[in-house]
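Enquirer: 3D model of this:
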Amino acid sequence: MNMSLALKIRQYIIYPLLVLTMLFTPDAVSTDTAKLMGTDTFVMDSAMIMGQGITTDGEYYYTSGTLTAIGFTAIAKYTVDGMDFADVNVNPLPSVCTQRGNNHIGGISYYNGKIYASVEGGDEVTACIVTFDTETLEALDVYDLPVEQFPDGVPWCAVDADSGYLYASMWDETKTIYVYDADNEMEFVRAITLTGLGSIRRIQGGEFFDGTLYLSKDSHDKGKIRDILSVDVSTGEVKLVAERNIGSESFEAEGMTFTTGENGPVLHVLDYNKTIGIFVHHYEADFA
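Expert: Purely as a prediction, here's the structure:
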């Protein structure tokens, strides 16, 4: 089959599915603390390569995707202006990871020309941070994380561009965030004890903006509502700063990132309908 015919067949399949998704999927709506600016919708293979994490360097969005049932992972690239597809690297993890069972790329964060990705696997597979080149999307370095700090894997990471420190935690019932020096071979810096809201459930992604760490939380105890939390990394104090109505109780909140818009910060969050596709929801983010 030639390439042009394959593309036409794909278009005939994907466009009706996209229209049906937009017509029959419950809409996310604004709340008092999260003003929805717009939504980008992705289905089929487009959704596969962006279902976990999102970050940006201001010019491009970078996304991560994982489907462990079929052994699929991906790092992809989209333009910030219009979210047009730019590039993808399918199954990008280096052999040192795949041979021992690392099969899941979670949350990601951009820093200094690299994508920092949280990578884990099942059972007792060592969790790690893998860096990728933003130009080629090829893997660069692998940094193993201490098993005693991450016995159940590492779902997210976020790099503070001001300090060069990388922050990460466990996924559920989280009481501690661990800090590493991304400029010094991921040397351990310190542990931050979280206060203010007790242990945190189901952290799916994190990103820094203006010196504050923000977390995307996927706890389903509020129905259609998913929380955005802030963390003061100097004190460990956690606050609820936004509640997002994502349209359905069954959708899963994933990674998040920020850009700067005309009226201030803009928050972009992945929400995953695993039977249909991915929704990238964009919000005005005046959390002050």
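
Enquirer: lowest average confidence, helix or strand, in the chain?
Expert: helix 3-24 (a mean of 43; mean pLDDT, DSSP states H and E).

Enquirer: next helix or strand past that one?
Expert: Counting by DSSP states H and E, the element after helix 3-24 in chain order, helix or strand, is strand 35-43.

Enquirer: in its sheet, what does that following strand sit against?
Expert: Strand 35-43 sits in its sheet next to strand 277-284 (antiparallel), going by DSSP bridges.

Enquirer: give me the distance between the strand it pairs with and the centre of its chain.
Expert: 12 Å (C-alpha atoms, centre = their mean, to the nearest Å).

Enquirer: from memory residue 254 sits against residue 55, does it?
Expert: No - using C-beta atoms under 8 Å, residue 254 is not in contact with residue 55; the gap is 12.0 Å. In this view, the C-beta of every residue, glycine as well, is placed from N, C-alpha and C.

Enquirer: may I have the distance across stretch 141-159, first residue to last?
Expert: 16 Å (C-alpha to C-alpha, to the nearest Å).

Enquirer: actually stretch 76-83, not the one I typed
Expert: Chord length of stretch 76-83, first to last residue, is 11 Å (C-alpha to C-alpha).

Enquirer: the nearest residue to residue 273 once chain neighbours are set aside: what's it in contact with?
Expert: Spatially, and ignoring its direct neighbours in sequence, residue 273 is nearest to residue 251 (5.3 Å; C-beta to C-beta, 6 or more residues apart in numbering). Residues near residue 251 by C-beta atoms under 8 Å, 6 or more residues apart in numbering: 224, 271-273, 279.

Enquirer: which one of those is nearest to residue 209?
Expert: Residue 209 has its nearest neighbour among those in residue 271, at 19.2 Å by C-beta to C-beta.

Enquirer: can you pull up the bridge partners for the closest one?
Expert: Under the criterion used here (DSSP bridges), residue 271 is bridged to residue 253, residue 279.

Enquirer: and what of residue 130?
Expert: residue 117, residue 142.

Enquirer: give me the neighbour count for it.
Expert: Neighbour count of residue 130, defined by other C-beta atoms under 10 Å: 24.

Enquirer: quick one: it from residue 218, how far?
Expert: Distance, residue 130 to residue 218, using C-beta to C-beta, to the nearest Å: 23 Å.

Enquirer: equivalent analysis for residue 105, please.
Expert: 17 Å.

Enquirer: so for these two, which residue has more residues nearby?
Expert: Neighbour count, other C-beta under 10 Å: between residue 105 and residue 218, residue 105 has more, with 28 against 21.

Enquirer: host element of residue 256?
Expert: Here residue 256 is assigned to strand 252-261, by DSSP H and E.

Enquirer: buried ones in that strand, by neighbour count?
Expert: Neighbour-count burial for strand 252-261, counted by 16 or more other C-beta atoms under 10 Å, picks out 252-259.

Enquirer: and what of stretch 133-148?
Expert: So, applying 16+ other C-beta under 10 Å, buried residues of stretch 133-148: 134, 137, 139, 142-145.

Enquirer: much appreciated, bye for now.
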